[in-house]
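Visitor: Just need the structure, nothing else, for what follows:
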Amino acid sequence: MKKYAKRFLFIFILMMLPAIQNCGSETSSNSSLMITDKLLTQGWDHIKVGNYTNARGSLKDALRENTTAAQLVEINNALGWAYAKDNKIMDSIQYFEKAYMQSAEAKVGLAGALIFRHESPADFVRAAELLASLPPEKFAPVHSGLNLTPAKVHVLTAVAFALANDMEQANHYMAKAAALDSLIVGSDIDRIDTAFCMLGWKQ
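Guide: Numbering: from 1, shown residues only. Have a look, this model is predicted:
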């Protein structure tokens, strides 16, 4: 009888091993995702106080952890801003490109970076199209450290259209910006440095 009991116990343990292993794997994965969240939060905290080098370090560490699709978007968005605000705007483009489809902030950042690059008039046109597709009136800032507002996004959109030689749309968005923030009235919408002022970037 004891012989059969031991055999049954052995078979039962063998059957349970995959479940035990999966449980351990799931726990490890969840732990890694929590580390990713912590590193992502650290990255945004560093951006908020201007520690852009430390921000990039935390965010690149996060990329080495397991990530969900949503976390990956946030990491790339944050990396884009960590480069752009540190006057490394060309380096920011690759990260904004990976995140802009799911992140309004990354879309704003990418538009600003394209205005900065302006390799051809197509950069201005794409920037204007990206911002118009938000659309600016529905823009809601997520991270306070970026200091973005709907009024600033409207001005950036106006600048993009002005540089793309569409003054009708440029004036349309500038009028909307002025209605949101009277202090913006008088901004030069045909100047690239106006865009940088709205984004808080150095020229």
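Visitor: quick one: least confident helix or strand in this structure?
Guide: Within the chain, no helix or strand scores below helix 2-48, which has a mean of 66 by mean pLDDT, DSSP states H and E.
Visitor: helix or strand right after it?
Guide: Once helix 2-48 ends, the next helix or strand along the chain (criterion: DSSP states H and E) is helix 52-63.
Visitor: For the residue most central in space within the chain, which residues are in contact?
Guide: Note on the chain: the residue nearest the mean C-alpha position is residue 77, at 1.9 Å, using C-alpha atoms, centre = their mean. Counting by C-beta atoms under 8 Å, 6 or more residues apart in numbering, residue 77 touches 95, 96, 99, 103, 105, 106, 109. The way it works is simple: take the backbone N, C-alpha and C, and place the C-beta from them, glycine included.
Visitor: you'd agree residue 105 is up against residue 144?
Guide: No. Applying C-beta atoms under 8 Å, one finds residue 105 not in contact with residue 144, separated by 11.3 Å.
Visitor: does the residue lying closest to residue 191 once chain neighbours are set aside count as helix, strand or coil?
Guide: Distance criterion C-beta to C-beta, 6 or more residues apart in numbering; nearest residue to residue 191, sequence neighbours excluded, is residue 159 at 7.3 Å. With DSSP: H, G, I helix; E, B strand; the rest coil as the basis, the three-state label of residue 159 is helix.
Visitor: if I look at the residue nearest to the centre of the chain, how far off is residue 122?
Guide: 23 Å (C-beta to C-beta, to the nearest Å).
Visitor: now residue 166
Guide: For residue 166 relative to residue 122 (C-beta to C-beta), the value is 14 Å.
Visitor: quick one, which of these two is more surrounded?
Guide: residue 166 (17 against 11; other C-beta atoms under 10 Å).
Visitor: For this structure, give me the ranges with low pLDDT.
Guide: 1-29, 185-187, 190, 202-203 (pLDDT under 70).
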